[in-house]
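# I would like to see how this sequence folds:
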Amino acid sequence: MSTTPTNLIDFLVNQANGVKGLTDLNLPSIPHQYIQPIEVRIDKCKIIPQDSNISIPIIDFTNWDDLESWGFFQIVNHGMPINVLDDLKASVHGIPINVLGISTPTPLIHYATTKSFTTISSKIQ
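Residues are numbered from 1 along each chain as shown. Predicted structure coming up:
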């Protein structure tokens, strides 16, 4: 299929194809809904120079192959207390799988509810 669906929202959301489904269409151009207007795009000339007194953290994605092969990454020193993260995980894990299935378009709900990942590196199983 190489044409834009007539109802893009229906295709992406209601039929649960998502952006992945959109890329699988092999469209010749990006649908206008995904193009940011020029007036709101970042002006590269206005980015703060490195020699200024303002310190902005830099996230370096130089090695994209690692992101693709690993599929996930860890963010550290974000300032979020561990107990908040643990409470959030406990809340999510407390949602019954049948309820998750109602709003989740993927059959892989098990992976979202597994307890094999933890926020503390010493607890990684």
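# can you list the domains in this structure?
For the chain, automatic domain parsing gives the domain ranges 1-54, 57-125.
# rank the ones you listed by mean pLDDT and give me the bottom one.
Among these, domain 57-125 has the lowest mean pLDDT, at a mean of 65.
# Gln33 in helix, strand or coil?
Secondary structure, DSSP: H, G, I helix; E, B strand; the rest coil: Gln33 is helix.
# surely it is in contact with Leu8?
Yes: between Gln33 and Leu8 there is a contact under C-beta atoms under 8 Å: 6.2 Å. Heads up, the C-betas are built off the backbone N, CA and C, glycines and all.
# who does the helix or strand hosting Lys89 touch, helix- and strand-wise?
Assigned by DSSP states H and E, Lys89 belongs to helix 82-93. When contacts are defined as 3 or more C-beta pairs under 8 Å, 6 or more residues apart in numbering; DSSP states H and E, helix 82-93 sits against helix 109-113.
# got the phi and psi for Ile95?
Backbone dihedrals for Ile95, given as degrees, to the nearest 10, come out at phi -80, psi 120.
# gap between it and Asn17?
Going from Ile95 to Asn17 by C-beta to C-beta, to the nearest Å gives 24 Å.
# who's more crowded, those two?
Asn17 (18 against 13; other C-beta atoms under 10 Å).
# distance check, Thr23 against Ile9.
In this structure, Thr23 and Ile9 are 17 Å apart, going by C-beta to C-beta.
# what does Asn53 give?
45 Å.
# same question, Pro31
Counting by C-beta to C-beta, the separation of Pro31 from Ile9 is 11 Å.
# put the alpha carbons of the helix holding Lys89 into PDB.
What follows is helix 82-93, C-alpha atoms only, in PDB (Å, rounded to 0.1, in the frame of the first residue of the first chain):
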ATOM      1  CA  ILE A  82      13.600   5.900  44.000                       C
ATOM      2  CA  ASN A  83      10.500   5.600  46.100                       C
ATOM      3  CA  VAL A  84       8.500   7.600  43.600                       C
ATOM      4  CA  LEU A  85       9.700   5.400  40.800                       C
ATOM      5  CA  ASP A  86       8.900   2.300  42.800                       C
ATOM      6  CA  ASP A  87       5.500   3.600  43.700                       C
ATOM      7  CA  LEU A  88       4.800   4.300  40.000                       C
ATOM      8  CA  LYS A  89       5.900   0.800  39.000                       C
ATOM      9  CA  ALA A  90       3.800  -0.700  41.800                       C
ATOM     10  CA  SER A  91       0.800   1.300  40.600                       C
ATOM     11  CA  VAL A  92       1.300   0.100  37.000                       C
ATOM     12  CA  HIS A  93       1.900  -3.500  38.000                       C
END
